[in-house]
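Undergrad: Requesting a structural model of the entry that follows:
(4 chains)
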Number of protein chains: 4
Amino acid sequence: WEGEFFPGISHIKYEGPSSKNPLSFKWYNAEEEILGKKMKDWLRFSVAFWHTFRGTGADPFGAPTKLWPWEDGTNSLAMAKRRLRANFEFMEKLGVEFWCFHDRDIAPDGKTIEESNANLDEVVALAKELQGKKFHLLWGTAQLFLHPRYMHGAATSSELAVYAYAAAQVKKALEVTHYLGGENYVFWGGREGYQTLLNTDMKRELDHLARFFEAAVAYKKKIGYNGTLLIEPKPQEPTKHQYDWDAATTAAFLHKYGLIGEFKLNIECNHATLSGHSCHHELETARINGLLGNIDANTGDPQIGWDTDQFLTDIGEATLVMLSVVRNGGIAPGGFNFDAKLRRESTDVEDLFIAHIVGMDTMARGLRNVAKLIEDGSLEELVRKRYSSFDTEIGALIEAGKADFETLEKKAMEWGEPKVASAKQELAEMIFHNAL
Amino acid sequence: WEGEFFPGISHIKYEGPSSKNPLSFKWYNAEEEILGKKMKDWLRFSVAFWHTFRGTGADPFGAPTKLWPWEDGTNSLAMAKRRLRANFEFMEKLGVEFWCFHDRDIAPDGKTIEESNANLDEVVALAKELQGKKFHLLWGTAQLFLHPRYMHGAATSSELAVYAYAAAQVKKALEVTHYLGGENYVFWGGREGYQTLLNTDMKRELDHLARFFEAAVAYKKKIGYNGTLLIEPKPQEPTKHQYDWDAATTAAFLHKYGLIGEFKLNIECNHATLSGHSCHHELETARINGLLGNIDANTGDPQIGWDTDQFLTDIGEATLVMLSVVRNGGIAPGGFNFDAKLRRESTDVEDLFIAHIVGMDTMARGLRNVAKLIEDGSLEELVRKRYSSFDTEIGALIEAGKADFETLEKKAMEWGEPKVASAKQELAEMIFHNAL
Amino acid sequence: WEGEFFPGISHIKYEGPSSKNPLSFKWYNAEEEILGKKMKDWLRFSVAFWHTFRGTGADPFGAPTKLWPWEDGTNSLAMAKRRLRANFEFMEKLGVEFWCFHDRDIAPDGKTIEESNANLDEVVALAKELQGKKFHLLWGTAQLFLHPRYMHGAATSSELAVYAYAAAQVKKALEVTHYLGGENYVFWGGREGYQTLLNTDMKRELDHLARFFEAAVAYKKKIGYNGTLLIEPKPQEPTKHQYDWDAATTAAFLHKYGLIGEFKLNIECNHATLSGHSCHHELETARINGLLGNIDANTGDPQIGWDTDQFLTDIGEATLVMLSVVRNGGIAPGGFNFDAKLRRESTDVEDLFIAHIVGMDTMARGLRNVAKLIEDGSLEELVRKRYSSFDTEIGALIEAGKADFETLEKKAMEWGEPKVASAKQELAEMIFHNAL
Amino acid sequence: WEGEFFPGISHIKYEGPSSKNPLSFKWYNAEEEILGKKMKDWLRFSVAFWHTFRGTGADPFGAPTKLWPWEDGTNSLAMAKRRLRANFEFMEKLGVEFWCFHDRDIAPDGKTIEESNANLDEVVALAKELQGKKFHLLWGTAQLFLHPRYMHGAATSSELAVYAYAAAQVKKALEVTHYLGGENYVFWGGREGYQTLLNTDMKRELDHLARFFEAAVAYKKKIGYNGTLLIEPKPQEPTKHQYDWDAATTAAFLHKYGLIGEFKLNIECNHATLSGHSCHHELETARINGLLGNIDANTGDPQIGWDTDQFLTDIGEATLVMLSVVRNGGIAPGGFNFDAKLRRESTDVEDLFIAHIVGMDTMARGLRNVAKLIEDGSLEELVRKRYSSFDTEIGALIEAGKADFETLEKKAMEWGEPKVASAKQELAEMIFHNAL
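TA: Numbering: from 1, shown residues only, chains lettered A, B, ... in the order given. Next up, the predicted model:
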């Protein structure tokens, strides 16, 4: 394959909201400053190599539908390199500076660990070159779920040899992430969970998982890698129950095993909703616990009970997401990676661009809306006022942990029946939606 | 009201599985020994005063349907005492030794805290007398959700005066629970959560909740009360999101605020399923974290998204519940309280008995099934064997936290492609279901 | 109660999107013409008397929180009339011309049918007067779910006497709806369903329901009432399973019992999502079957499994709703009634206005967006093109039901492997969201 | 491949409930008579070729795990025939007389329709021979979802050429089903639905689907095929929304297009629960509408939102399923096919047997429980009594459609406030569960 991969498509430009050109940005203007930072610095968009370049369109009931012109039907090293070049041309044209990958997405599995590592090294060398100074690795990770050896899990497999194999694979993935300057390293425990408790020793599996994470932390330090370690919660699928169910469950695990300072979270909106929470809830839970590390910017379908990994196009949702990010003072060294895939039925090459553009525009519009909300100030004021009774002497005593039940009882008797103000939910919703 | 409350109903007796008498036990035989303990000591059944004696049959679309003959239509102190006597006659006839209550279930709200406390004292004195040596209090609690003052929460209310009021109420509830010899004290944070994040300062609310729990622990110790403090997780309803979402979320909270040793959990099956977990999952999560304190023995409806609080009649489910209890070495000082209500359309007095009998029989049958499973031994053996590769030198190294990535990589390279055994899920299910 | 009910609030005016005044419309401009009709004629907003004037804020775990100043704590006839006057002042100030009610919302239950009817007549006479020429009744209905007599259903009750009672009540409700010039009459079968199939003869109940509807149709004709009869599907709550589960289930019932031409549907968004569909799906299903009669304009919470009846504030959702309405050529003689309630914690009188304003503005904004989409035309063009292969001779043959399998097989063999175009879902989403 | 496929496994025998042998039946005794029929005649078990012989263990996140010894890694005609022989040996050893298949499961796709048909003919000739007199085809069907040409649907594809292709494929599948003496022919519209309404003309698609079914009915009659045509409802997956959502939706469609007498339904338990209903609800809905044709005997996981297709092991559920079948007077010419797959992690050949055995035993145990319930009679009596007020003169008038609202009102006034009896739900549950 010689020359351009996307010959008909030039650099995607910002043309503003009135443009009808599908291959333009209407809201995302990379260099424009919003709330004191460039849009690209708030958003730090990343292409997810697996969905964009390895997604085949297969589903549990259907065969692949994507037949990109640059694919030759093999999983050879040569094909891996060609695909990588397509990725960087795609990023260049789209105006995205970050990418992220699983080890086995970018380089073929070998027959042995040694052979797999050699394949990976060869592709990674090319990646380093293609990155140059312009492109950056948001994060790397190891694919510990596709191969049948991982069918019972990796760090939580019932088989010792699989645990060791996974350790070898993560070791290498940490090394190459370090080599490529990856700003983060992600753990998604797709098969770290169970299909039925009847055949599972949950305690033993969780203990193993903790040991595995401890070893990863130790190795990271040993090789001098300073990137953030991220855990990506997901409630289920492919397993019936995954151990990193949601942000709170993952926090409980980190606390219990003394790992709380070593990891942050990679929150995915579709995983959030599958776990019974809003995406905003998961982001806020991560944020107020100092755990917000990165965002998988996608969405599910509110009527669907599995991970659809769609590009987010809902403006309200995007505004809530950006509200958490702005409150967090930004997301760096994390970013927004599009853990989002083209629909199976979207089979044109240009659909890859259209999907990313609408995804980026939606987040950008969310950011613009947050700026409006913050300028307006009335939503924040509403919340501040709601809790103002605690901005008092007794309130301070309570918040300092110095108000015992006897003191409080005395006050309560003195004050009589409390006055309780309206929560003004509809007003809050009005303010929020008027900013969209 | 003089004389018997349930004149047509005599003591419920064990008549064995072939009995067709609805007013008899077919599986629960209180004094029979199973797995080394009397059934009543494994099960420690408790009547939940609120559902059984305060349930009216009202629902969001319908008025009360229960018109028990002993009710006079008032919420007077006299009525409160009469109802309490009905409760003890009910327990006596049913053969249940424990009860549990919220403060406002058993005694009417007064106009002031002082008046409410006086009402409570009067009823509690009668309760103490009626308990005698035969009956025991499984747990007491404060009702912090029904009164409009608690509409924004109690410990997490946006109103300082409500926080203080709740403190006064819990202080008193701890005192009367102690006075009645209550073996546990429960916190169910029905309104400790939010309706929308738009008007909520979640971090501040959670901090307040932690301060409240700290003060409760301090007061408990001060008055010399040794009962177990229990938190009852529930994901939502009445709020959109409750802070004690599930066992793991509650554990994360307890860890973060340094409260982990002071509380155990009261797991309710219907709350478990509303949070997206199986009941067995929540029980096991509590158990392996040393947090299994008590069980609200009920069930939801698998097609319904709210808390139906039905009596559990599913044998398989009951067997899983009892599996956790037996593995825990029993549930004392906790027990099984029937946080279960008669269906709105069940309006005969005898339905109160029938519902409790089928609920008790179902748990008893679960216990008998667990005994069969344990005697048979093949399910435990299946699980033990699955993990036997870790019962080795390297396995021990891993479990001791001494296997670093380099050691494991070396082993993995040496061993080559792992052999991975079948998980035998269908066999496990066959063994389990054959024991039912 | 003399004078104004809402003394501090004047007529709500349109002030445009930049207004920060909560008591103004930002998008709804009643007389403005959009797509060839005035906004008020597309939208035909209606206040739902039950939520707005009878909602107490009670929930399954909490007592009433709303204590409107005009309420005297009774359910007397005098109070009923005063409340009705509040309703018409509210409509006047809000600029809404329609209202709707259940019989028992507006007038107190009597001890006998005769007494209830007399109460109703007295209130209805006042309503007629207050309506004048300015206000209209969108629909009336009978409340067949709150009274305990209806606990097993009304037309599907297991009790014959309840069936007859319900018939008497619907007869009267049809009469007063006719008297007040109601443009529609609604059946919501809140308790027409089952709690468990174990005690239910579903076939017999469905047969009874059909007989009941037949009798209603006959009576409507007999009294010369020409309003549309509407059935409001809901999947469950308060029952485990309601017979009018969704639009398709209701259509199947109407077909089976030969009632298909006599009824249309009242689609509620929150009921739609509880049944596992998007609101747009239910509206489109009704529309393409000629059954779209009226819309309960509300929304649920995507994480909540019960009917929250919130005011719709989501712009995308509102745009989809209005797309169905515009495709339907409008909704008259139906309209949009706000089957939406203030949150329990919203306790200021002005919250009643704020909630309706944001609900009306959201639908108005949806209508404006649809106008943009239609003017732009590219979404419709995308859909038209997708199916253009059927705009051919063979396509016409198929659509006329004249293409048999042999003909088609011959063609298929002749044509060889079909070319299949991209579905362009992301492009469709981009076009849609750019119009918001 | 020569000789036996399952050399270590002999005929599975009935050994009774106390047997610990996993490779024996504990409850299914084919020739034993229950309720007047042999167990095998009530149950008419069928192996589903696709799951049992084409299931690979792949899932959306994982590669195949099943590597049966008889597979050579190809999809050749020779392999197809060998696999078919494995199927009949499996049936023989398991003691199952029926099988069912999709066209493309049993024979490889060719490059043209003609080539695919030729492949199919060759395999079908062998199937005819292997069937002999001992084995029967429960049903055949065409696989209209796996090939990418069907990505937008088959009969509802936006592409005319795909519609024609599907017609050709169904034509052939009807022919071979007829040739093999198939007792039924099934339509599962896996991709007959939509991914988003934004790009879909739902009305046009549904019209096409109706035309397709009409043509199938006509062709069936033309070739003299007398088997039952079955539609298999499923709510979603792989599409966001499938047109045959559930039993009621499918009935509405059949009614609307005048197809109601030509089709019955194939109810799958896992599809039922995904659509928000209990399996029993779907079976009863089909039964009372005369549409119960066949059962896909499987189950989902109550916490999982996709189709897990597990073997049913729940005794209560199986008893409810059999209750519908017994009330229907049996299921013939339909049967129970195991649309159930081994878990991905169950990789031993014997697991195929174990899974089917526990599935068969569970259904058999359900049948035995129904016999107990019917002998006991008290559940039926409870239901009969509930509705007995309709077994009166007025009740008969109502049920004959002769009771108008005026008559009923008169009666209601005469009778006064109705007495409403308890629904006895807990008693019904007690009776039901005591029979398990």
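
Undergrad: And A:E317, how far from A:A435?
TA: 14 Å (Cβ to Cβ, to the nearest Å). Backbone N, C-alpha and C define where each C-beta goes, glycine included.

Undergrad: Tell me how many other residues crowd A:K40.
TA: The number of residues packed near A:K40 is 20, by other Cβ atoms under 10 Å in any protein chain shown.

Undergrad: again with A:Q131
TA: A:Q131, neighbours per other Cβ under 10 Å, totals 17.

Undergrad: can you pull the pLDDT of it?
TA: Note for A:Q131: predicted pLDDT of 98.

Undergrad: what's it in contact with, if anything?
TA: By Cβ atoms under 8 Å, 6 or more residues apart in numbering or on different chains, the residues touching A:Q131 are A:88, A:137, A:180-181.

Undergrad: what about 10 Å?
TA: A:88, A:91, A:97, A:99, A:137, A:180-181 (Cβ atoms under 10 Å, 6 or more residues apart in numbering or on different chains).

Undergrad: What are the boundaries of the helices in the stretch 51-200 of chain A?
TA: A:77-94, A:103-106, A:113-131, A:160-179 (DSSP state H, counting those that start in this stretch).

Undergrad: Can the last one be said to contact chain D?
TA: No - in this structure, helix A:160-179 remains apart from chain D according to Cβ under 10 Å from any Cβ of the partner chain; the gap is never smaller than 12.2 Å.

Undergrad: Could you pull up the mean pLDDT of that helix?
TA: Computed over helix A:160-179, the mean pLDDT rounds to 98.

Undergrad: before we move on, what about the first one?
TA: This predicted structure assigns helix A:77-94 an average pLDDT of 98.

Undergrad: how about it: buried residues?
TA: A:79-91, A:93-94 (16 or more other Cβ atoms under 10 Å in any protein chain shown).

Undergrad: Is chain D within reach of the helix or strand hosting A:F353?
TA: Using DSSP states H and E, A:F353 sits in helix A:349-376. No - using Cβ under 10 Å from any Cβ, helix A:349-376 stays clear of chain D, coming no nearer than 12.2 Å.

Undergrad: Is that helix positioned near chain C?
TA: Yes - Helix A:349-376 reaches chain C (Cβ under 10 Å from any Cβ) through A:349-359, A:361-362, A:365, A:376.

Undergrad: which ones are touching the closest residue in space to A:K256 that isn't next to it in sequence?
TA: Closest residue to A:K256 apart from its sequence neighbours, by Cβ to Cβ, 6 or more residues apart in numbering or on different chains: B:H255 at 6.7 Å. Applying Cβ under 10 Å, 6+ apart to B:H255 gives the contacts A:251-256, A:260, B:289.

Undergrad: now do 8 Å
TA: By Cβ under 8 Å, 6+ apart, the neighbours of B:H255 are A:251-252, A:255-256.

Undergrad: repeat for A:V349
TA: A:V349 touches A:6, A:9, A:68-69, counting by Cβ under 8 Å, 6+ apart.

Undergrad: Please see if whichever helix or strand A:Y219 is part of touches chain B.
TA: A:Y219 belongs to helix A:202-222 when assigned by DSSP H and E. Yes - contact of helix A:202-222 with chain B (Cβ under 8 Å from any Cβ of the partner chain) involves A:202-204, A:206-208, A:211, A:214-216, A:218-219.

Undergrad: Which of the residues you listed sits closest to A:Y225?
TA: Relative to A:Y225, the closest of the residues of helix A:202-222 next to chain B is A:Y219; by Cβ to Cβ it sits at 8.4 Å.

Undergrad: coming back round to it: so does the following helix or strand past the helix holding A:F353 get close to chain C?
TA: Next helix or strand after helix A:349-376 toward the C-terminus (DSSP H and E): helix A:378-386. Yes - counting by Cβ under 8 Å from any Cβ, chain C has neighbours in helix A:378-386: A:S378.

Undergrad: list the buried ones in helix A:378-386?
TA: In terms of neighbour count (16+ other Cβ under 10 Å), helix A:378-386 has its buried residues at A:378-379, A:382-383, A:386.

Undergrad: Kindly present those as a markdown table, with separate columns for pLDDT and distance to chain B.
TA: Formatted as a markdown table, those follow (pLDDT from 0 to 100; distance: Cβ to the nearest Cβ, whole Å):
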| residue | pLDDT | distance to chain B |
| --- | --- | --- |
| A:S378 | 97 | 12 |
| A:L379 | 98 | 7 |
| A:L382 | 98 | 6 |
| A:V383 | 98 | 6 |
| A:R386 | 98 | 4 |
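
Undergrad: Is it possible to get a markdown table of the residues you listed that adds distance to A:G189?
TA: Shown next, in a markdown table, are the buried residues of helix A:378-386 (distance: Cβ to Cβ, whole Å):
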| residue | distance to A:G189 |
| --- | --- |
| A:S378 | 42 |
| A:L379 | 36 |
| A:L382 | 39 |
| A:V383 | 35 |
| A:R386 | 38 |
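
Undergrad: thinking again about what came up before, list just the nearest of the residues of helix A:202-222 next to chain B to chain D.
TA: Set against chain D, the nearest of the residues of helix A:202-222 next to chain B by Cβ to the nearest Cβ is A:M202 (15.3 Å).

Undergrad: Next up, the contacts around the closest one.
TA: Residues in contact with A:M202, defined by Cβ under 8 Å, 6+ apart, are A:194, B:284-285, B:288.

Undergrad: One more: A:H356?
TA: So A:H356 contacts A:47, A:52, A:94, A:96, A:311, A:338 (Cβ under 8 Å, 6+ apart).

Undergrad: Mind doing that once more with 7 Å?
TA: A:94, A:338 (Cβ atoms under 7 Å, 6 or more residues apart in numbering or on different chains).

Undergrad: most centrally placed residue in chain A?
TA: A:D296 (2.5 Å; Cα atoms, centre = their mean).
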